[in-house]
Every structure is written in C-alpha cells, then in structure tokens.
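Undergrad: following is a predicted model, sequence given first.
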Amino acid sequence: MGFFAALFWMFSLVRRLFGKKKPFKLLNLPYLAFAKVLNGMKVNEAVNLSQTSIKCEIKMKRVKKRIYKIIIENLDDCEEIDEENTEIKHLQRIILVNKKCDVIDAYNYMKNCKKYTRRVFAGYSVNFWISKFCQIYKGKSSFTEISYLNLEDLIHLLQHFHELFAFDHVNLVMDHGRLFGDYQEVVKHILFRKCHYVEICGRKSRLTTENMQYLMNNIDLKYGLLIRCWHPSGFDKELLSGIPRLDIFYAQNYELEDVKNIFRFCEVIHLHIHAFTAKCIKQFILHWLAGHVPNLRRFRFVCFCYPEVVDYILNEIQHFKWDANRRAEIFIDGLEKINCGAGYDIERDDGLLATLICIGKEVEFLVWHDRFPNDLTQRSH
C-alpha cells in the first residue's frame, strides 16, 4: 500500500469513527419497524412527534398506537379534600393513560397516603384519584395532561386523538351544568361510541329525567355511571335499570322496592347518603336468598351504621364465620381490595355464597360468584 493510499485509508477511518453522524430518519423506516418504535413511546412523546410534520402525522394515523384510557374532565366545582390546598378548584383537561399498570401504580400510591382514611379513599372513584395524582405531580407523572379552552377546542383535540390513537377505554367526568349546557354536543363525537362509563358531578345540581334520556341516547353505559348530584322527586329511576354499576351519592329518594325492581340486574351498587335502615338491608338479603338479583356482586351502604347493627341484620338468618376452605379472604372489585376475614358468610340454596361485613360505618354485602379466583393474590395466605 502506497503512502498516499495509507493516508487516505487512515483519514477515512478517523472520519467514520469521530466524524459527525447522520441523524436517524424515523420516517424512512418500513411500516412494521415504525409501528414498533411508535408503540414503545410514551404518550407525550407520541403526541409531540405527531406535531413535527404532516408526513409524520399521516404515518402515525396509519399505525394508531394503542392507549389504555382517555379521561375527559370538565369540573367547575372540583371537590377538594385537602384543607391546605388553596388552588383554583376548576379542571378542564384531557388525561391520556398509556397502560393499565400506570393506573394501578397511581391508585396504589394514593391509597398508601396516610392522610387519606379508608372511608375518604373509598368515597371517590378511580378517576378521581388519577386526577388527584396528576395534581400532586403537576406534569411529572406518567400521564399526559392536555388542557382545552372551550367546546370547539375540545372537539378539535378529540378528533385529533381519535385519528391518532386507538383507545381501550373512554371515560367522561363532567359537571352537570357543563354536560347538559355548553358542552352537551361533545357526547355526539364519534370517540364517545367507545365511552361506556360517565361521572356526573355537581353537588348543587339536579339530574332530571330529560338529562338522563339525552345521555343514554348518546352513550352506551354498559360499564357504569356515577352520579354526584341530586335527583328531583320526579326523576324516572327506571332509566338506571340496565346499568351494571351504579354509584349514587344522594340516594335519599331510593327505597327497598327500587332496589328490588330497578336494580335487579345490577352488578355493583354504591349508595352514599341514603335512607336505608338495618331492617331494609335485612329484607334485601332475604330477597337475595330467595334467588333474586342474580348478577349482584357488591352492594355498599355508606354512612350507615355501627357493628352492632350487623347482629340485628343477621338475626334468624343462618350465617358462618370465615373459613379459608370455603372462600378466599380478599374480595376484589376492580382495583379495590376488601378484607373479608371478619365478615359473616351466607349461603343460598343454589350454593351461591355472600359475605356481610361492617367496616367503620359502612356495610358491605359481597357475593362470591367465584369463591377462589385464579388470581392468587385474592387467596388467603
């Protein structure tokens, strides 16, 4: 090798090793490779990437990265449970949740905060604690938060995300005054065809029959409904009969006959402020023992009683203390775990088992359709 040839070879080697590298051209990747890179991104990274160019946005729309959940929030009167918090109680934002494990991590983090008692924690939904988690971390969490100004801005964002991502779950959390006022047209957006769970807030508002009919005409509530506003006396409760999960805060107008007839196909019922007595609960259990309410998994009475009331409820009803050979110790409802070791078991003639337990001032009636679920974390150790 000649002197100049050797010099040229050494120069080429140095340039390859230490020279300026060419930028990685993501858009030049074939479809499958691009999809793999996109699906491995965090949600905020994907959102930012979509804004780099029209070509990039088009390619992302072809892939449609799968996202676990989108929560649309619009709360004029956001309930605050921290006395020291002086922030404005108003939320108007979208929360994007990449994976289910992100929800579980945030929920467990908030659950382990010592300043929230079990009663306080159990009184709010998973979406509330996700929102609270975002407020604490203020943009530093794994969730992506995007604010909007008005209805037009919200619809623009929903359309963009609908074209860009594939959502497993769509949740709506909105004040009554907004949902049936300035923002009522939002539920007609195509994205809400995937919305099956809604939270209606507004402690000073009243949910009318017309409101409920409008909501059900536009959204299939096959997962559940949370109502944190008042019911006028003329409200048509029959509209709630086909919803599997009901969380009702102001339930003073609900009576035992409503539970027997309207809630006969419900799976989970939470009544917070209500007029049910120990006698009513006993009559309901007798109704269940007769083979009614076939789908029921959980009936929770909040703000109710003291432990001694359970003795009255169970009087003349055959019951047993917990036996590890009969059922698991932990009952799981979604992300919520209830220790039933101190509960009393009641068995129906068809073999279906239920547990009655008093926790604080709450009474839980839990039905074990599967006494020993496959999830080993539910078993007694």
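TA: Sure thing, it's come through.
Undergrad: going by C-alpha atoms from here, please, whenever you check contacts or count neighbours.
TA: Will do.
Undergrad: name the SS class of residue 185, please.
TA: Put simply, residue 185 is helix when judged by DSSP: H, G, I helix; E, B strand; the rest coil.
Undergrad: do you know how far it is from residue 210?
TA: 15 Å (C-alpha to C-alpha, to the nearest Å).
Undergrad: do the same with residue 25
TA: Going from residue 25 to residue 210 by C-alpha to C-alpha gives 54 Å.
Undergrad: who has more neighbours, the two?
TA: It is residue 210, of residue 25 and residue 210, that has more neighbours when counted by other C-alpha atoms under 10 Å, with 11 against 7.
Undergrad: give me the phi and psi for residue 353.
TA: Backbone torsions of residue 353, given as degrees, to the nearest 10, read phi -110, psi 140.
Undergrad: please shift the residue numbers so they start at 186 in all later answers.
TA: Happy to do that; since the first residue is 186 now, the last one works out to residue 538.
Undergrad: any regions of this protein where pLDDT drops low?
TA: Within the chain, the segments meeting pLDDT under 70 span 186-209, 262-274, 324, 489-492, 560-566.
Undergrad: quick one, helices of it?
TA: All helices of the chain, identified by DSSP state H, fall at 188-203, 216-224, 228-235, 239-248, 285-296, 303-307, 311-322, 336-349, 361-364, 394-403, 441-446, 463-474, 493-499.
Undergrad: most tightly surrounded among those?
TA: Of all these, helix 361-364 has the most neighbours on average by mean count of other C-alpha atoms under 10 Å, namely a mean of 21.
Undergrad: what residues does stretch 439-446 touch?
TA: Contacting residues not belonging to stretch 439-446 are listed as 422, 459-461, 465, 469, 472, 478 [C-alpha atoms under 8 Å, 6 or more residues apart in numbering].
Undergrad: swap the cut-off to 10 Å and go again
TA: With contact meaning C-alpha atoms under 10 Å, 6 or more residues apart in numbering, stretch 439-446 is reached by 416, 418, 422-423, 426, 433, 447-451, 454, 456, 459-462, 464-466, 468-469, 472-473, 477-478.
Undergrad: please apply the same query to stretch 220-229.
TA: Stretch 220-229 is contacted by residues 211, 214, 217, 219, 230-232, 234-235, 244-245, 247-252, 281-284, 327-331, 350 when judged by C-alpha under 10 Å, 6+ apart.
Undergrad: at 7 Å instead, please
TA: 231, 248, 250, 283, 329 (C-alpha atoms under 7 Å, 6 or more residues apart in numbering).
Undergrad: and it, how far from the chain's centre?
TA: Centre-to-centre, stretch 220-229 and its host chain are 23 Å apart (C-alpha atoms, centre = their mean, to the nearest Å).
Undergrad: then stretch 446-466?
TA: From the chain centre to the centre of stretch 446-466 is a distance of 21 Å (C-alpha atoms, centre = their mean).
Undergrad: list the buried residues of it.
TA: Within stretch 446-466, the residues that qualify as buried are 447-461, 463, 466, counting by 16 or more other C-alpha atoms under 10 Å.
Undergrad: try stretch 377-386
TA: For stretch 377-386, the buried set under the neighbour-count rule, 16+ other C-alpha under 10 Å, comprises 377, 380-386.
Undergrad: same question for stretch 353-366.
TA: For stretch 353-366, the neighbour count (16+ other C-alpha under 10 Å) marks 354-365 as buried.
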